[in-house]
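Chemist: Would you be able to build a 3D model of this:
(2 chains)
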Amino acid sequence: MDWEALSLSLRLGAWTTVILIPSGILLARVLAWRRFPGRGAVEALVALPLVLPPTVLGYYLLAAFGGGSAFGRGYQALFGSPLAFSFEGLLLASLVFNLPFAIQPMQRAFAGIAPELREAAWCSGLSRWQAFRRVELPLAFPGVLSAAVLTFAHTLGEFGVVLMVGGNLPGQTKTIAIAIYDRVQAFDDAGAALMSATLVLISFAAIVAIHGLTGRRDRVRV
Amino acid sequence: MSDVTHGLDLAVRQRAPIALDAALECAPGELTALVGPSGSGKTTLLRVIAGLDRPQQGHVRCAGHTWLDAREGIDLSPQRRRVGLVFQSYALFPHLSALDNVAVALSHLPPGQRGERACALLEQVHLSGLEGRLPDELSGGQQQRVAVARALARDPAVLLLDEPFSAVDQVTRGKLQRELARLRERLKIPVVLVTHDLDEARLLADRIVIIHRGTTLQSGTPDQVLLRPCSGDVARLVDLPNVFEGTVSALGPDGTLHLRWRGYTLEVRSDGGFRPGERVDWVVPSRFVILHRRDKPSRGEHENPVGGVCTECTMLGDNALVSIDVDADVDASLSFGVPAHVARRNGLAPGVEVRVSLLAEGIHLMPGKR
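Modeler: Prediction:
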């Protein structure tokens, strides 16, 4: 069992979720409620990681992170180290490839809230922030929770993009999915099996948690 | 006349997205019913008052405060307007109990007092004992009461009700209407009720405002609007039967005038302001159409007698709804009601010749279309 890889994966999943969910809520609300030019294009961009082969996405991200791009050079000038093959680079890639898993469930959840409820909150004297905190967020919570768990679980399991962008640096970019691949290459079937079973268990627990938590809320709301 | 200083005073205009040209006044303690067909802009006006929609021109003033003045660039947010709005769908927060739905609107009170005040408001709308229920666990009528309690929680300067009885059955509707009538006796604020139900408006309102295609056409007491509409359009909107066109033929003494309609000259108690030769719309409410009895002619038969062929005689309980085509012309259909036994005794049935009198005091003239 490669505890270092597991810990790295958990850390990557946690950071991705913590960053992506709050910012994703803003984007999901806008996509759910506003009609603006280019909305379809934004939705398509958000969904793109779902259909692109991970290697294609990984290639473009690697190209963007490298010294050949203005973004890559700017990052290195600012922080003194390159983005490619680093944990920060992996985190950035993870934020991109998790976009559809985070945004889409939350967008659906916010779209399901009747506009009158927000308006009723405003007419009841609640500020926009209070209306969000006391009315919108509780009602969209099942969607937000799904998004968080899906994002976390998907980060643990992502392989192609991680390999392309992060390579296989122990403690830096070697996640548990890469470690499993490594073990198989080294004919360490027992190690691969143990780590695979661990991933299966985590993913299963995550899905059970979504169903349990959202199901309980639904029952309360009936 | 409305107490505009302390009540609600609105005048708005816009071209898009929905054309509006509306004015509305409602004094404290007064209930104004905004009546019009679906899509006439009733709900939009309520949303303008609440600050949820912003018109291009106009003003909204309430309780001495300016909430909207497009020219001055004043447009207060819904949070700063102190409105109590009952949505047509009630818009209760589905994840909050009845008590919390009301308590949410009590943010102006210290947290320690909110529970007690919310309980008192729920008691006021007869929902004691149901404080802990979620909206889905309440009947339609109970949900509506929670919505009313929540609207009153803010101590609003105006109460706005958007078709609040449309989603409940008839028995509950009657009960809720009586409750609203009792409630408004205690309220010292303007109440604006949006409805497309004229009976409801007549029952509850001190003042009716007729709105059509975003334009307010007439404002007045229920009797003024329903018996003396200001135009043929309003007469049709309030579903008055017997609206026709005619020409003023001569002015008589004592404020009477003669109206030419088809081959008849009808005597009318003039509302004033009409000239001989002027084209007018006129209406005679059903209760001023009097059937000539076959068995017992009376002196009243000399008053504006008109003849026609019966096209409909429908028994509705103890009454009969009768339509006749004057001079057998389908474009001149007069409707009126008589007791069922009178209809039977006079042998009223489709095809039968009928004579009626149009009582002069009931004929109301309106300026005609040019």
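Chemist: per the record, what domains does chain B have?
Modeler: Split into domains by automatic domain parsing, chain B comes to B:8-236, B:240-283, B:286-358.
Chemist: Dump these into CSV; add distance to chain A, mean neighbour count and mean pLDDT as well.
Modeler: The C-beta positions use only the backbone N, C-alpha and C, and glycine is treated the same way. Converted to CSV, the domains of chain B look like this (distance: least, C-beta to the nearest C-beta, whole Å; neighbours: other C-beta atoms under 10 Å in any protein chain shown; pLDDT from 0 to 100):
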stretch, distance to chain A, mean neighbour count, mean pLDDT
domain B:8-236, 4, 19, 92
domain B:240-283, 34, 16, 86
domain B:286-358, 38, 16, 88
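Chemist: May I see those domains arranged in CSV, with distance to A:L6 as well?
Modeler: Below are the domains of chain B laid out as CSV (distance: least, C-beta to C-beta, whole Å):
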stretch, distance to A:L6
domain B:8-236, 37
domain B:240-283, 81
domain B:286-358, 80
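Chemist: interface residues of chain A facing chain B?
Modeler: A:114, A:116-117, A:119-127, A:130, A:134-135, A:138-139, A:220-222 (C-beta under 8 Å from any C-beta of the partner chain).
Chemist: How about B:A151: what's its closest non-neighbour residue?
Modeler: B:G84 (3.2 Å; C-beta to C-beta, 6 or more residues apart in numbering or on different chains).
Chemist: Can you tell me the SS state at the one you found?
Modeler: Using DSSP: H, G, I helix; E, B strand; the rest coil, the structure places B:G84 in strand.
Chemist: my read: B:W261 touches B:G246, true?
Modeler: Yes - the criterion here is C-beta atoms under 8 Å, and B:W261 meets it with B:G246 at 3.9 Å.
Chemist: Lowest mean pLDDT among the helices and strands of chain A, which one is it?
Modeler: helix A:189-221 (a mean of 79; mean pLDDT, DSSP states H and E).
Chemist: Show me what it is packed up against.
Modeler: Counting contacts by 3 or more C-beta pairs under 8 Å, 6 or more residues apart in numbering or on different chains; DSSP states H and E, helix A:189-221 is packed against helix A:3-33, helix A:137-157, helix A:176-185.
Chemist: in the longest one, what's buried?
Modeler: This points to helix A:3-33. A:5-6, A:8-10, A:12-13, A:15-17, A:19-21, A:24-25, A:27-29, A:31-32 (16 or more other C-beta atoms under 10 Å in any protein chain shown).
Chemist: Quick check: mean pLDDT of it?
Modeler: The average pLDDT for helix A:3-33 rounds to 92.
Chemist: Going toward the C-terminus from it, what's the next helix or strand?
Modeler: helix A:39-51 (DSSP states H and E).
Chemist: what does that next one contact?
Modeler: Outside helix A:39-51, the residues that touch it by C-beta atoms under 8 Å, 6 or more residues apart in numbering or on different chains are A:27, A:31, A:57, A:96-100, A:103-104.
Chemist: what's the closest non-adjacent residue to B:I211?
Modeler: Using C-beta to C-beta, 6+ apart, the closest residue to B:I211 is B:G36 (3.9 Å).
Chemist: Check B:V35 too.
Modeler: B:A201 (5.0 Å).
Chemist: cool, B:Q124 as well?
Modeler: Of all residues beyond its chain neighbours, the one nearest B:Q124 is B:A149 (6.8 Å), with distances taken as C-beta to C-beta, 6+ apart.
Chemist: same deal with B:V322?
Modeler: B:C313 (5.2 Å).
Chemist: quick revisit: which of the residues of chain A next to chain B fall in strands?
Modeler: Among the residues of chain A next to chain B, the subset assigned to strands under DSSP state E is empty.
Chemist: Any of the residues you listed buried? List them.
Modeler: A:116-117, A:119-126, A:130, A:134-135, A:138-139.
Chemist: quick one, helices of chain B?
Modeler: With helices called from DSSP state H, chain B shows them at B:42-50, B:98-103, B:111-124, B:140-153, B:170-186, B:198-204, B:222-227, B:232-237, B:340-345.
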